[in-house]
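S.K.: just to be clear, the model below is a prediction. Sequence and coordinates:
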Amino acid sequence: MRFVAAVLATGSLFATALPAHAETGVSSSEIKLGITLPLTGAASPGYNKIGDAMNAYFKYVNDNGGVYGRKITLIQKNDEYSPQLSIAKTNELILKDKVFALVGPLGTANFTAVHKSVGLARRGVPSLFLNTGFSGFANKKAYPTSFAILPSYAMEAKIAAQFLKDNMAGKKLGLVYQNDEFGIDALGAFKAAGVKFDVTIPYTSGTQSAATAQTWVSQLAAGGAQVVVFFGVTSATAPLLAVAAGAKYAPQWILGSVGSDPLTLRALGVPVAVLNGALTLSGNPSPNDTNDEYVKFFQEINTKYNKAAFDDYVLQGMNLGLMTVQALRAAGQNLTRKGLIRAMENKGSTFASVGYSPLGYSKTSNVGHTGYYMAVMDATGDRKPYGGSVVVYTTDSGSGPVVKSTFKRPALPAKGLPTNS
Amino acid sequence: MELWRKARDVVRKKIFFFILLGWVLLIIGDRVDELRVYQGAQIAMYSIALASIVLLTGYSGQVSLGNGAMMAVGGYSAALTLNNLQTPIWFAFLMAILVSALFGSLLGAAAARLSGPYLAGTTLALAVGLPAIANQFTFLGGEPGLLFDIGFPPESFGEEFTQYKWFFWIASFIALISLFITSNILQSRFGRTWRAIRGNSLAAELAGVHSSRMKVLAFTISSALAGLAGAVLAMTISLVAPGAFTLALSFALVTGAVLAGISSLPGVVLGGLILVVIPEIADAVANRFGDADKLNNYLPGLIVSVLLILSVIYTPNGPGENLRKHLRKKATH
Amino acid sequence: MQKVIETLLIGLTTGSIYALMSLAIVLVWRSTRVINFAQAGQAMFATYIGFEISSRSGVFWLGLLFAVVGGALLGAGVDYFFMRVLFKHANTGPAAVVAPVIATLGLLGLIRSVVGLTWGGEFRTIEAPASTDGYTIGSTTIPFSPLNALVIITVSLILIALAILFQRTNLGLALRASAYAPEIAKLAGIRTARTRTIGWAIAGGVGGVAGMLVSSNNFLSPYSLDLLLVFGFIAAVVGGLESMVGAVVGALVLGIGLTFILNYVGTSLVFIGGFTVLILVLLIKPDGIMAKGKGRRA
């Protein structure tokens, strides 16, 4: 009898020490987050570094007290860019690993499938900072618990269209794009902006290779395209550029932001001479720009906690980590999924981020960054602002105008540790 | 008369067995958490798909690597029917069966003259080529695919009744019925005729069997089953897309069939269990040994491949066959 | 017109690589009556060995040599340790039909996992032994480079060497005899089991060459040879599994056909194009293009 009483007493002691609520994925000492991304497979080069980069920043934060004393655990699941695997892995994250929220899930088709199939909205699972630019995700009614971070492909296409009109009028234009919502998003925006392409080449995701790139190049060359815009993944940019170099076809390249990291392209065999002069849209400073306080700080974290080659994707990943920690802090000590979503809506637009454009989060908007600047790659494969200085243009995914931005980025929190609430 | 009564008894026993199984599943479904329920739906789906392989390869001896493609046909038919014609769900599943049966009969007719590696090659090409068609025609939804939303369980089931549980109920129900029907077909003279053809088609022809017609029939029914499995798969992920029906799926089906006994229908449930459980076990093992990326990504594949090779060498006809041989040996001593 | 010629040239290059793979498949088929799905896996393993050597030494041809040797050793090993065990155990019951298929599929998965565990999944590149800049005729550059020419020349040399081996040497005679009539060959004093292993070794070596050539202008990863497997297999079936010439013809037909579809229609119909070519050929000639009627049954 006394034994039973002792057990009950000890049990109740533990019970009162536990947090009053038991939100999934949150304990007194830990917050569990999940991400699905291609760690291997045809689309993985470059993108597979994002998770580790996020984790490196989380480790730094954990070493410095975590978020209100809770350590962040990031669970990475490899979905090989296949929507089916994304569904299976996300099911594991939510039903088996019981994560608190998803951060940075990668891929347009992937997230569309997951959101519908796993029922993220119905379950109330927050998905922060989607690693995709599909403009459809900005629809708050359809995606009430999700938040973008990248400017949408539609925005990017509009800004590129403006650039084409201002600087490349009269030239023959070619477009190569991934034949799913990713590329079609951009195509639609180009059409709406009145850009006419002389050669358009859709490619099916997964079929990119030297052989298929050869057919792209012969069609582009046959069509006489002098400017070629490319909206696809990095592992498709690479064969396109390499094959074009071999065929001595050298149009003015305009590379979409998602597939243009110079370091990854060179690792995939693109000679640096080909990159020289290629234009690309970007929302962040160059990863080599150590004068930028964010870049400098992230590079230090990378050296201490990550040990990967520092490029666009590592920069992006660490920035996601920074944003996530600010979001978790803003949700307060009593951490709930609903609270996190409210925090994003009310305070998200004030978060510190490496991106140059303003963040668009609000009660009615899931939109993250809203703008890009045009950059050009130089002979060393580094990215420099076109025209010498960064001129950021912002727009929306609809019919709003493209305007020059006067936004000033918030400063990096001291030591890179957010203190917001 | 006596024979008729005996047959009726057998069928009655079988019906009883299946109903009992259904009750057991119902109870299990209530006790188990959502992830397991979801996996249960997957096991049911695999059972139907594996049954199609047992019929086609185990019984009629035709090696096909294209059942994944037939699942795609079924899945897409169901989705297109539901989305464009707004029919009740059962009708969508019916369309899946009919359309894939049609495709199967065409494939069977073309393949009837082929044997062995030529058949394998053709079905391999189909498995690779058919899902890719979705990318060419926009009405098939392209790479992201089509939605297949069968909705939510009725309100009267209460709040606790999740959608995944609903899927489990429907999938199990369909699996039980189709396995029942398939079992009857296999034990009928059709099944016997197929086994005869598999054994020696020349002799079967001499005995009066229309070998090619029976082969086409096998393809037709097998494809119908595969198509139904495809529709069930689409239901569980609320989506039908080319990526769900890769060559790897066709390989996995043949693998599961071999692991569980290629000519044993009861084995399909075991096979489904294996297909769902082994990757999970492999994942757990990989996690125990460390979280190096390489390990996580390739160790599960290694474990599955090794198991497959071992089982195909040592129990090619399924563990049941070895057990039987063992028992027979004991009996004669 | 230029586009037609370009397509033809690209198709020829692609087809010649498929030819190597389909040759390897036919070699194994004729000697063992097994379709070796692991052929591409063996080729991949051999290519990784070649990658290691060529990236350390900087010489492509050295890497190629090691790839051939590695592939041959692996092929012989698979036959000696794996296939013999398989045939000893799995030769009864309905699974006898399907056991070799499953076993080689399992082997493919096994090799892929081992490669992935050893080298990881990152894309590797192998330095091409020739320039990839297209030849310039007058003012136009065609998408046919010295590398493409090298591929075609290499494949042709291998084909000639194999033809000489099979038609003019005692080993070739033994290989053909062991495949066609193993019992009679044994009676004639041929060590059929050892001959078969040699056949597997040759197939493995040829596969290694295919892998190296394909990867020299592309990325190498545990999945990069999957397409080679599918198309090499289809090519072998199209050509009729009984003849080496057929394997080559089938591969060229397939390569050219697929490239035309790629260039004129689009990427998504390529695979179903492969299927269509296959089913059309088999409907007219169920034993493949080069089959001489219903002589030998599968």
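M.R.: Arrived safely.

S.K.: near chain C, which residues of the stretch 51-200 of chain A show up?
M.R.: Residues of the stretch 51-200 of chain A lying close to chain C by C-beta under 8 Å from any C-beta of the partner chain are residue A:179. Using the backbone N, CA and C atoms, a C-beta is placed for each residue, glycine as well.

S.K.: low-confidence stretches in the stretch 51-200 of chain A?
M.R.: Along the stretch 51-200 of chain A, no part satisfies pLDDT under 70.

S.K.: can you count the residues close to the residue of the stretch 201-350 of chain A found nearest chain B?
M.R.: For the stretch 201-350 of chain A and chain B, the shortest gap (C-beta to the nearest C-beta) falls at residue A:204, measuring 4.7 Å. Using other C-beta atoms under 10 Å in any protein chain shown, residue A:204 is surrounded by 23 other residues.

S.K.: cool, and residue A:421?
M.R.: Residue A:421 has 12 neighbouring residues, counting by other C-beta under 10 Å.

S.K.: quick one: contacts for the residue nearest to it when sequence neighbours are not counted?
M.R.: Nearest residue to residue A:421 in three dimensions, chain neighbours excluded: residue A:329, at 5.8 Å (C-beta to C-beta, 6 or more residues apart in numbering or on different chains). Residue A:329 makes contact with A:67, A:68, A:418, A:419, A:420, A:421, according to C-beta atoms under 8 Å, 6 or more residues apart in numbering or on different chains.

S.K.: what secondary structure does residue A:329 sit in?
M.R.: With DSSP: H, G, I helix; E, B strand; the rest coil as the basis, the three-state label of residue A:329 is helix.

S.K.: from chain C, how far out is it?
M.R.: Plainly put, residue A:329 is 35 Å away from chain C if you go by C-beta to the nearest C-beta, to the nearest Å.

S.K.: tell me where the model's unsure across the stretch 1-150 of chain B.
M.R.: Per-residue confidence for the stretch 1-150 of chain B (pLDDT under 70) gives these ranges: B:1.

S.K.: correct me, but residue C:25 touches residue C:238?
M.R.: No - using C-beta atoms under 8 Å, residue C:25 is not in contact with residue C:238, being 11.6 Å away.

S.K.: the stretch 151-298 of chain C: helices as residue ranges?
M.R.: Taking DSSP state H, counting those that start in this stretch to define them, one finds helices in the stretch 151-298 of chain C at C:170-180, C:182-187, C:192-215, C:226-239, C:244-264, C:270-284.

S.K.: which residue is nearest the middle of chain B?
M.R.: Closest residue to the average C-alpha location of chain B: residue B:49 at 0.9 Å, with C-alpha atoms, centre = their mean.

S.K.: the closest residue to it other than its chain neighbours: which element?
M.R.: With sequence-adjacent residues excluded and distances taken as C-beta to C-beta, 6+ apart, residue B:49 is closest to residue B:229, at 3.7 Å. Residue B:229 is part of helix B:211-237 when elements are defined by DSSP states H and E.

S.K.: and that helix, what's buried?
M.R.: B:211-212, B:214-237 (16 or more other C-beta atoms under 10 Å in any protein chain shown).

S.K.: what distance separates the helix or strand just after that helix from the centre of its chain?
M.R.: Next along the chain after helix B:211-237, taking DSSP H and E as the criterion, comes strand B:239-240. Put simply, strand B:239-240 sits 17 Å off its chain's centre (C-alpha atoms, centre = their mean, to the nearest Å).

S.K.: name the residues that touch strand B:239-240?
M.R.: Residues outside strand B:239-240 that contact it (C-beta under 8 Å, 6+ apart): A:83-84, A:87, A:113, A:116-117, B:72, B:75-76, B:78-79, B:141, B:145-148, B:230, B:234.

S.K.: among the residues you listed, which ones are in helices?
M.R.: Among the contacts of strand B:239-240, the members found in helices (DSSP state H) are A:83, A:84, A:87, A:113, B:72, B:75, B:76, B:78, B:79, B:230, B:234.

S.K.: between those, which is closest to residue C:113?
M.R.: Relative to residue C:113, the closest of those is residue A:84; by C-beta to C-beta it sits at 20.4 Å.

S.K.: ok, the closest one touching residue A:113?
M.R.: Yes - contact criterion C-beta under 8 Å: residue A:84 and residue A:113 qualify, at 7.4 Å.

S.K.: those two: which is more packed in?
M.R.: Legend: neighbour count by other C-beta under 10 Å for residue A:84 and residue A:113, higher for residue A:113 (27 against 23).

S.K.: list the contacts for that one?
M.R.: By C-beta under 8 Å, 6+ apart, residue A:113 lies in contact with A:83, A:84, A:86, A:87, B:144, B:145, B:237, B:239, B:241.

S.K.: what do you get for residue C:237?
M.R.: Contact partners of residue C:237, counting by C-beta under 8 Å, 6+ apart, are B:117, B:118, B:121, B:122, C:250, C:278, C:282, C:288.

S.K.: of these, which is the nearest to residue C:242?
M.R.: Using C-beta to C-beta, residue C:288 comes nearest to residue C:242 of the contacts of residue C:237, at 7.3 Å.

S.K.: count the neighbours of the residue nearest to residue B:42 when sequence neighbours are not counted for me.
M.R.: Residue nearest to residue B:42 in three dimensions, not counting chain neighbours: residue B:276, with 5.1 Å by C-beta to C-beta, 6+ apart. Other residues within reach of residue B:276, judged by other C-beta under 10 Å, total 18.

S.K.: for the helix or strand containing residue B:276, which positions count as buried?
M.R.: Take DSSP H and E as the rule and residue B:276 turns out to sit in helix B:267-288. For helix B:267-288, burial by neighbour count (16+ other C-beta under 10 Å) applies to B:267-276, B:278-279, B:282-283, B:286.

S.K.: remind me what that helix packs against, helices and strands.
M.R.: Judged by 3 or more C-beta pairs under 8 Å, 6 or more residues apart in numbering or on different chains; DSSP states H and E, the packing partners of helix B:267-288 are helix B:34-53, helix B:247-260, helix B:293-314.

S.K.: among these, which comes closest to residue A:197?
M.R.: Of all the helices and strands packed on helix B:267-288, helix B:247-260 sits nearest to residue A:197, with 34.3 Å by C-beta to C-beta.

S.K.: would the closest one count as contacting chain A?
M.R.: No - using C-beta under 8 Å from any C-beta, helix B:247-260 never reaches chain A; the gap is at least 9.3 Å.

S.K.: pLDDT (mean, whole number) over that helix?
M.R.: The average pLDDT within helix B:247-260 is 81.

S.K.: which parts of it are buried?
M.R.: B:247, B:249-260.

S.K.: circling back to that earlier point, can you tell me which of the contacts of residue C:237 has the most neighbours?
M.R.: Of the contacts of residue C:237, with other C-beta under 10 Å as the count, residue C:250 tops at 31 neighbours.

S.K.: what's the closest non-adjacent residue to that residue?
M.R.: residue C:239 (2.6 Å).

S.K.: neighbours around that neighbour, how many?
M.R.: For residue C:239, using other C-beta under 10 Å, the count is 30.

S.K.: isn't it up against residue C:233?
M.R.: No - taking C-beta under 8 Å as the definition, residue C:239 is not a contact partner of residue C:233, at 11.0 Å.

S.K.: can you list residues touching both of these two?
M.R.: By C-beta under 8 Å, 6+ apart, residue C:239 and residue C:233 have these common neighbours: residue C:22.

S.K.: so for the residue nearest to residue C:250, what's the pLDDT?
M.R.: On the pLDDT scale, residue C:239 gets 82.

S.K.: residues in contact with the single nearest residue of the stretch 51-200 of chain A relative to chain C?
M.R.: In the stretch 51-200 of chain A, the residue that lies nearest chain C is residue A:179 (7.7 Å; C-beta to the nearest C-beta). By C-beta under 8 Å, 6+ apart, the contact list for residue A:179 reads A:202, A:203, A:204, A:205, B:135, B:142, B:143, C:268.

S.K.: same thing but at 6 Å, please
M.R.: Listed by C-beta atoms under 6 Å, 6 or more residues apart in numbering or on different chains, the contact set of residue A:179 reads A:202, A:204.
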